[in-house]
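J.: Coordinates for the following, if possible.
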Amino acid sequence: MQRLFKHHETYVFIIIIVFSIVITAVNRNFLTLENFFDIAKSYSFIGIFAVGVTFVLISGGIDISFTAVATVAEYVMAVYIIKFGGNIITASIIVIIVGITLGMINALLIYFFKIPTIITTIATLNIYYGLLIVISGGKWIYSLPQWFRDFATINLFTVSKAGGSSYGLSIITTLWIVLIFLSWLILKYTRLGRGIYAMGGNMNSAKRIGFNIFGIQMFVYSFMGVMAGLAGLVQALLVQTVAPNSIVGKELDVIAAVVLGGASLLGGRGTLLGTVLGVALIAIMGNGLTLMRVSSYWYNIFIGLIIIISVSFSAYQQRKKQKRTINVHAQ
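T.: As a prediction, this is how the structure comes out:
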């Protein structure tokens, strides 16, 4: 138990349990399998973003441009499949190519110009989004192909209700689960994953022990681009509309989820388990406030309070760890 309570994720999980109990006491519809499936599907695009942001934060950077990357990727994909046709594989390849390209531009600017990552990505957020608005005229796209609409309704398994309606595990949620698993393998079992943690901990030390900083940065921001592109695809699948202004502005929700999960804004620390729990907490708060009929304006207040508490608690744990290390060295 002592080892368990040394992990930030344990406290996030406890907060989730407490919130779930409170919400269920007000509205019993919260604690149902159908509601959990709906939450997982609705927040899957936030979850996919969060996977990419986890890699960026662990590496010691901050990316603000991912919502613009997602918007550009989904818009290009929508225009292509409407004009030339295709299938879900075609759509996926397009968003991945666009995401990688824009992510690589971020990495090149950061590495060669040595501009702080937050400044670089704020700049590219405005450039990518601005160019899209200029070229598209801000036009919304509604007429997506029927096969695109049909794919969004696929469930891996379905549960039928007494009234004739049904629910199940969506293919969209499954995509998020697969991406989490693949990303966990990279961080846990590859030299590249160790390099990402090392670079976030101390870039100069990582360079001295032989890690290729340029290669790692290119991977991290390209990977963020891929996650952004796929998140844009998922967003289009969820709402069946592509709007240039529908995703930009979600950056803080995503970063909040990752930070709530224990990732450090200074780099070198974070886990995908923590990220999943952070996304779950954000999702439960959003869904719970709706079920409790609380004004949506309170959502941002709760997010801000929980971030302050979470970051403060992480800093407190870090100071305790440093004190124990100093005492050991002194002895």
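J.: can you map out the strands along this structure?
T.: 155-160, 166-170 (DSSP state E).
J.: now for the last one, which elements pack on it?
T.: Okay, so that is strand 166-170. helix 33-42, strand 155-160 (3 or more Cβ pairs under 8 Å, 6 or more residues apart in numbering; DSSP states H and E). Heads up, the C-betas are built off the backbone N, CA and C, glycines and all.
J.: Least confident of the ones you listed, on average?
T.: Among the helices and strands packed on strand 166-170, strand 155-160 carries the lowest mean pLDDT, a mean of 85.
J.: now what about that strand, what contacts it?
T.: Leu33, Glu34, Ser166, Tyr167, Gly168, Leu169, Ser170, Ile171, Thr174 (Cβ atoms under 8 Å, 6 or more residues apart in numbering).
J.: how about a cut-off of 10 Å?
T.: 33-34, 37, 41, 165-174 (Cβ atoms under 10 Å, 6 or more residues apart in numbering).
J.: For PyMOL, write the select line for the buried members of these.
T.: Buried subset of the contacts of strand 155-160, written as a PyMOL selection, criterion 16 or more other Cβ atoms under 10 Å:
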select buried, resi 37+41+167+168+169+170+171+172+173+174
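J.: Tell me which two of the contacts of strand 155-160 sit farthest apart.
T.: Ser165 and Thr174 (20.9 Å; Cβ to Cβ).
J.: any idea how far the residue sitting nearest the centre point of the chain is from Ala40?
T.: Nearest to the mean C-alpha position of the chain, by Cα atoms, centre = their mean, lies Ala50 at 1.4 Å. Distance check for Ala50 against Ala40: by Cβ to Cβ, to the nearest Å, it reads 13 Å.
J.: Now distance to Ile301 too, for the contacts of strand 155-160, in CSV please.
T.: As requested, the contacts of strand 155-160 are exported to CSV (distance: Cβ to Cβ, whole Å):
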residue, distance to Ile301
Leu33, 30
Glu34, 28
Phe37, 28
Lys41, 26
Ser165, 35
Ser166, 36
Tyr167, 31
Gly168, 34
Leu169, 33
Ser170, 30
Ile171, 35
Ile172, 29
Thr173, 28
Thr174, 33
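J.: Quickly name whichever of the contacts of strand 155-160 is closest to Val12.
T.: Scanning the contacts of strand 155-160 for proximity to Val12, where the rule is Cβ to Cβ, the winner is Thr173, at 20.3 Å.
J.: related to what we said a few turns ago, ok, the residue nearest to the centre of the chain touching Ala257?
T.: Yes: using Cβ atoms under 10 Å, Ala50 is in contact with Ala257, at 5.0 Å.
J.: so what sits against both of those two?
T.: With Cβ under 10 Å, 6+ apart as the test, Ala50 and Ala257 both reach Tyr43, Ala263, Thr275, Val276, Gly278, Val279, Ile282.
J.: Scan those and report the most crowded one.
T.: Ranked by neighbour count (other Cβ atoms under 10 Å), the shared contacts of Ala50 and Ala257 have Gly278 at the top, with 32 neighbours.
J.: roughly how far apart are that one and Tyr43?
T.: 11 Å.
J.: what's the overlap in contacts for the two?
T.: Ala50, Ala257.
J.: before we move on, back to that, out of the helices and strands packed on strand 166-170, the one nearest Asn300 is which?
T.: Comparing the helices and strands packed on strand 166-170 by Cβ to Cβ, helix 33-42 comes nearest, at 18.1 Å.
J.: Name the spans of the stretch 101-250 of the chain whose pLDDT lies under the cut-off.
T.: Of all residues in the stretch 101-250 of the chain, those with pLDDT under 70 make up the ranges 162-164.
J.: As a check, name the ranges of all helices in it.
T.: Along the stretch 101-250 of the chain, the stretches classed as helices by DSSP state H, counting those that start in this stretch are 117-136, 146-152, 171-189, 191-201, 203-208, 213-239.
J.: which of the residues in the longest one are buried?
T.: By neighbour count, with 16+ other Cβ under 10 Å as the criterion, the buried positions of helix 213-239 are 213, 216-238.
J.: cool, and the first one?
T.: For helix 117-136, a neighbour-count test (16+ other Cβ under 10 Å) marks Thr117, Thr120, Thr121, Ile122, Thr124, Leu125, Tyr128, Tyr129, Leu132, Ser136 as buried.
J.: Quick check: pLDDT value at Leu260.
T.: 88.
J.: I'd like to know how far it sits from Ser165.
T.: 34 Å.
J.: Equivalent analysis for Ile177, please.
T.: 24 Å.
J.: ok, now Leu230?
T.: Where Ser165 is concerned, Leu230 sits at a distance of 29 Å (Cβ to Cβ).
J.: Then Ser65?
T.: Here Ser65 is placed at a distance of 40 Å from Ser165 (Cβ to Cβ).
J.: Pull up the gap between Met227 and Phe211, please.
T.: Taken as Cβ to Cβ, the span from Met227 to Phe211 is 22 Å.
J.: What of Asp253?
T.: Applying Cβ to Cβ, the value for Asp253 to Phe211 is 32 Å.
J.: Next: Met292.
T.: On the measure of Cβ to Cβ, Met292 and Phe211 end up 48 Å apart.
J.: who's more crowded, the two?
T.: Between Met292 and Phe211, counting by other Cβ under 10 Å, Phe211 is the more crowded of the two (19 against 14).
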